[in-house]
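Visitor: return a 3D structure for these sequence lines:
(one chain, ligands or ions: 1)
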Amino acid sequence: MKKLVVCNQKMLLARDEAKLLRKALDDVDLSKINFIVCPSYINLDVFKGYNLGAQDAFYEDKGTFTGEISAYQLSLLNVKFVIIGHSERRMFDNEKVINAKVKAVLRNSMTPILCVGETKTDKSLRRTSEVIKRQLETALSGVVLDDTQEIIIAYEPVWAIGSGKCMQKEDIEDTILYIKKILSMLEISNYKIIYGGSITPKTIENIRNELVDGYLIGNSSVFLDDLNMIIKCIK
Ligand code: PGA
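Guide: Reported below is the predicted structural model:
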């Protein structure tokens, strides 16, 4: 199976920069991977033709919610994936909201990329398993997937995001196995699990493993040379 490569462009690119990246990306060989690009909302159209993801989505379809963008609206723009519960958004969203967002994404025929992961404090208090279990149980409460639906779980240790610190392969594998166990308890079987957090040309060699279905790349995804090197390594 082709590995997923999800590019979370965060809020890193102005429109002109996004256009330059798009032009350069067109020359990259993406044939042996399943490539998804998640630009800022205002740059979604710049990456037309690629598998498009959004970085968040509001749970109501329509209404008086100033400043929000709904899963429904995104689905009309040919967006197929939506990142939900990224650690950079969890401070604005409680677990009930994350659950409603996952359901809204599925209801609008898109695939949620649900981020879970422990903070530095969780890690030092050895409560990684407990935190991940709670995040999965609450986000997926009442979620029943039909045969056409799928969910992508992105395991991203919060302490690894943007920090340059990468997790050891063995630890990643242990957590992936644990996530699979929880998903089976929740009777969710249509899923993929990807890993993210400080994936760079330097760290990918240590991170790369057979248990994950792909990778979520943040900062490195907006630098074409870095992205290219990471993709070559993943292939
Ligand atoms: P990073 O970000 O690759 O810059 O650590 C990953 C993410 O936030 O999804």
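
Visitor: wondering if stretch 119-126 reaches the ligand at all.
Guide: No: Stretch 119-126 lies apart from the ligand when judged by Cβ under 6 Å from any ligand atom; the minimum separation is 13.6 Å. In short, each C-beta sits where N, CA and C put it, glycine included.

Visitor: what distance separates that stretch from the centre of its chain?
Guide: 22 Å (Cα atoms, centre = their mean, to the nearest Å).

Visitor: report the buried residues of that stretch.
Guide: Across stretch 119-126, burial judged by 16 or more other Cβ atoms under 10 Å covers 119, 122-123.

Visitor: Throw the residues you listed into a markdown table and include pLDDT and secondary structure, thanks.
Guide: Below are those laid out as a markdown table (pLDDT from 0 to 100; DSSP: H, G, I helix; E, B strand; the rest coil):
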| residue | pLDDT | secondary structure |
| --- | --- | --- |
| Thr119 | 95 | coil |
| Asp122 | 95 | helix |
| Lys123 | 94 | helix |
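
Visitor: and the residues you listed, which is closest to the ligand?
Guide: Taking Cβ to the nearest ligand atom as the measure, the ligand lies nearest Thr119 of these, at 13.6 Å.

Visitor: was I right about that closest one contacting Val158?
Guide: Yes: look at Thr119 against Val158 with Cβ atoms under 8 Å: they come within range, at 4.5 Å.

Visitor: name the residues contacting each of those two.
Guide: Ser87 (Cβ atoms under 8 Å, 6 or more residues apart in numbering).

Visitor: now the closest residue to Tyr155 other than its chain neighbours: which helix or strand?
Guide: Leaving aside its chain neighbours, Tyr155 sits nearest to Tyr195 (5.4 Å; criterion: Cβ to Cβ, 6 or more residues apart in numbering). Using DSSP states H and E, Tyr195 sits in strand 191-196.

Visitor: so is that strand next to the ligand?
Guide: Yes: contact of strand 191-196 with the ligand (Cβ under 6 Å from any ligand atom) involves Gly196.

Visitor: what mean pLDDT does that strand get?
Guide: Over the span of strand 191-196, the pLDDT mean works out to 98.

Visitor: tell me how far it lies from the chain's centre.
Guide: Counting by Cα atoms, centre = their mean, strand 191-196 comes out at 8 Å from the chain centroid.
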